[in-house]
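Engineer: any chance you can model this:
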Amino acid sequence: QEQQLSMKCLDDNGYDYDKCQHYFDNFKACKGFWVGVMRERRRNGIKPALPPPEEREAIKAEHLKRQSRKT
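Structural biologist: Residues are numbered from 1 along each chain as shown. Below you'll find the model as predicted:
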């Protein structure tokens, strides 16, 4: 979804990357998060490495919960 939003921003703004920087930063963060999830699942022998869409909200919620405990 973040990739689609960043591409839409470029389309809407005449491909001015500076106007869409926020979208690209968000896309990078999202991609990094899911790459980390896939690595962890592979280490733990969980297949598929990328969780199905119906599990993703719960995984994001658990991550946010762990992050809030750290602060």
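
Engineer: now the helix or strand of the chain with the lowest mean pLDDT - C-alpha only, PDB.
Structural biologist: One helix or strand of the chain scores below all others by mean pLDDT, DSSP states H and E: helix 53-70, with a mean of 91. Extracted in PDB, the C-alpha atoms of helix 53-70 (Å, rounded to 0.1, in the frame of the first residue of the first chain):
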ATOM      1  CA  PRO A  53      -2.700 -10.500   4.900                       C
ATOM      2  CA  GLU A  54      -5.200 -11.700   7.600                       C
ATOM      3  CA  GLU A  55      -2.400 -12.000  10.200                       C
ATOM      4  CA  ARG A  56      -0.600  -8.700   9.400                       C
ATOM      5  CA  GLU A  57      -2.700  -6.400  11.500                       C
ATOM      6  CA  ALA A  58      -2.100  -8.600  14.600                       C
ATOM      7  CA  ILE A  59       1.600  -8.600  13.900                       C
ATOM      8  CA  LYS A  60       1.700  -4.800  13.600                       C
ATOM      9  CA  ALA A  61      -0.300  -4.400  16.800                       C
ATOM     10  CA  GLU A  62       2.100  -6.700  18.700                       C
ATOM     11  CA  HIS A  63       5.100  -4.800  17.400                       C
ATOM     12  CA  LEU A  64       3.600  -1.500  18.500                       C
ATOM     13  CA  LYS A  65       2.800  -2.900  21.900                       C
ATOM     14  CA  ARG A  66       6.400  -4.100  22.400                       C
ATOM     15  CA  GLN A  67       7.700  -0.700  21.200                       C
ATOM     16  CA  SER A  68       5.500   1.200  23.700                       C
ATOM     17  CA  ARG A  69       6.800  -1.000  26.600                       C
ATOM     18  CA  LYS A  70      10.400   0.000  25.700                       C
END
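
Engineer: same for the strand or helix carrying residue 6, what does it pack against?
Structural biologist: Using DSSP states H and E, the secondary-structure element containing residue 6 is helix 2-12. Applying 3 or more C-beta pairs under 8 Å, 6 or more residues apart in numbering; DSSP states H and E, one finds that helix 2-12 contacts helix 21-43. Yep, even glycine has a C-beta here, placed from its N, CA and C like the rest.
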